[in-house]
Structures are given as structure tokens and as C-alpha cells.
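Colleague: Take this sequence and fold it.
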Amino acid sequence: MSPTFIIMQRDFRAAFRSPLGAIVIAGVLLADGIFFYWSALSEKLLSAEVLERFFFNSSGVTACAAIVLSMRLLAEERQSGTIVLLNTSPVSCLQIVLGKYLAALTILGSTTLLSLYMPALIFVNGKVSIGHILVGALGLTLLGAAILAIGLFASALAKSQVVAVVIGALITGCLYMMWILGKSAEPPLKDFFGNLALHHENFRPFMSGTLNLGCAMYYVAITYFFLFLATKTLEARRWR
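Modeller: Below is the predicted model:
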């Protein structure tokens, strides 16, 4: 069994030995349910519009859940002193980062999967494309994966979980706000900042059920970049 998989199993179980895992899953489902009830019943919208509104609201909930899940991944190890055991074990920094990241991604992905019963309820009184639901779920997963990587990088930098949340939220918030810079800038900076935004133009196709490979690759690139930074940060701290 690879060290990455062992670390993944360890962190996955640890998330449910503490209240954190259950709280995050319950909180996401509760918030998604409230938003879905509000968008589906409070306004007269077409089925596709209800689904689009659901994915828009759920993207914010997923982003918050990703930040909360990622705050403990490395900062908790450092705070409790168990980071010494990881640093002295015959495991590479990349394996540590990937194992912890995959554990958090499994929890977040499972939560997204559990929430899909809500858009499926639209079939009771309306009609939507199953492809729209699947593409929207893929968008949520990619967005969550990118923010988890940002949060893991923040957790690698911070000495406490509170600081990790603050750093992760600041980086995520800055990337979210890029669309405002794009809106106020002149070409070619307008397109540059708009395409760099973590949400807005990059998430909009998934909301409407359109699989845009360019947007998908953007989230993959963001994920890779911050996992790379997290690995290098852990390596620098390991040999300090």
C-alpha cells in the first residue's frame, strides 16, 4: 500500500473521529437545501433556471466548506506537534500533500454527490437535462478541488488553523474578485483578469450545463499550482 493512500485513509478517518467531517457535510446539505427551497418555491422560475440558481448558490457553500476542510490538513499537525512524526518518516512531502488533499477531496466530493438529490427533485414538477445536472456537479467538484488546494497551501504556511482559514479565505477572495478588475480594466487586461477569476466566467458555463474544457483546465491548473506551492512550502519547513 502506497504512503499516499495510507495518509489519505488516516486523514479521512480523523475527519470523522472529530465533529468536523460530520459538521461540514451536514452544514453543506442544510445550506444547499435552504437555498434550493428558496430558489425553487419563492420565485416562479423555469426548471433550467432553478437548476442554474442551485449551482450558483451551491458554489458559495462548496467554497466555504473547502476552506474549512483544508484548514486542519497541515496546520493541525503543526499545532499538535505530530508534524514531527511526518517529517521524520520515510515519506516524501509530495506524498504527504497528495494524501491529505485526496482525503479532503473525497469528503467534499461525497458531499456534492449527496446534494444532487435536490436538483433531481425538479423532475417531480418539471423537466431538466440529466447532462445539466452532471456538468453542474462536475463544476462544483472542480471549484471545490481548486479551493481545497488553495486552503492546503494556506495550511502549509500557517502555524494555527485560524490563521490557515484567514490566509485561505484571502487568497480565494482575491481570485474571486478578479472579475471586478476585469470589468473595470481595458483590453487586453480585461480578458486577462476575467479569465483569471475563480468563479464568474469560469464557473458560469457549468451553471448553465455547458462543458467548457478551457474552464475545466483552468481549475485543474489552479489546483496543480497550489498543490505545487504547498509541497515546496512543506519541503522548506521540513529541512529548516
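Colleague: Quick check: which helices or strands does the helix or strand harbouring Leu148 pack against?
Modeller: Using DSSP states H and E, Leu148 maps to helix 130-157. Helix 130-157 is packed against helix 47-71, helix 93-114, helix 117-120, helix 161-176, helix 200-207, helix 213-238, with contacts defined by 3 or more CB pairs under 8 Å, 6 or more residues apart in numbering; DSSP states H and E. C-betas here are computed from N, CA, C, even on glycine.
Colleague: What residue in the protein is the furthest from its centre?
Modeller: Largest separation from the mean C-alpha position in the chain: Asn125, at 31.2 Å (CA atoms, centre = their mean).
Colleague: mind checking how far that residue is from Tyr219?
Modeller: Taking CB to CB, to the nearest Å as the criterion, Asn125 is separated from Tyr219 by 33 Å.
Colleague: cool, Gly126 as well?
Modeller: Taking CB to CB, one finds Gly126 at 29 Å from Tyr219.
Colleague: What of Leu229?
Modeller: Applying CB to CB to Leu229 and Tyr219 gives a distance of 16 Å.
Colleague: so who does the one residue sitting closest to the centre of the chain touch?
Modeller: When CA atoms, centre = their mean is applied to the chain, the residue found nearest the centroid is Gly144 (1.8 Å). Under the criterion of CB atoms under 8 Å, 6 or more residues apart in numbering, the neighbours of Gly144 are Thr62, Ala63, Ala65, Ala66, Leu105, Leu108, Gly109, Thr112.
Colleague: looking at the chain, which helix or strand does the model trust least?
Modeller: One helix or strand of the chain scores below all others by mean pLDDT, DSSP states H and E: helix 83-88, with a mean of 66.
Colleague: sorry, back to before: turn the contacts of Gly144 into a markdown table, columns for neighbour count and pLDDT.
Modeller: Below are the contacts of Gly144 laid out as a markdown table (neighbours: other CB atoms under 10 Å; pLDDT from 0 to 100):
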| residue | neighbour count | pLDDT |
| --- | --- | --- |
| Thr62 | 26 | 91 |
| Ala63 | 24 | 91 |
| Ala65 | 25 | 91 |
| Ala66 | 27 | 92 |
| Leu105 | 22 | 93 |
| Leu108 | 26 | 91 |
| Gly109 | 17 | 91 |
| Thr112 | 23 | 90 |
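Colleague: Rebuild these as CSV, extending it with distance to Glu77.
Modeller: Shown next, in CSV, are the contacts of Gly144 (distance: CB to CB, whole Å):
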residue, distance to Glu77
Thr62, 24
Ala63, 24
Ala65, 20
Ala66, 19
Leu105, 18
Leu108, 19
Gly109, 23
Thr112, 26
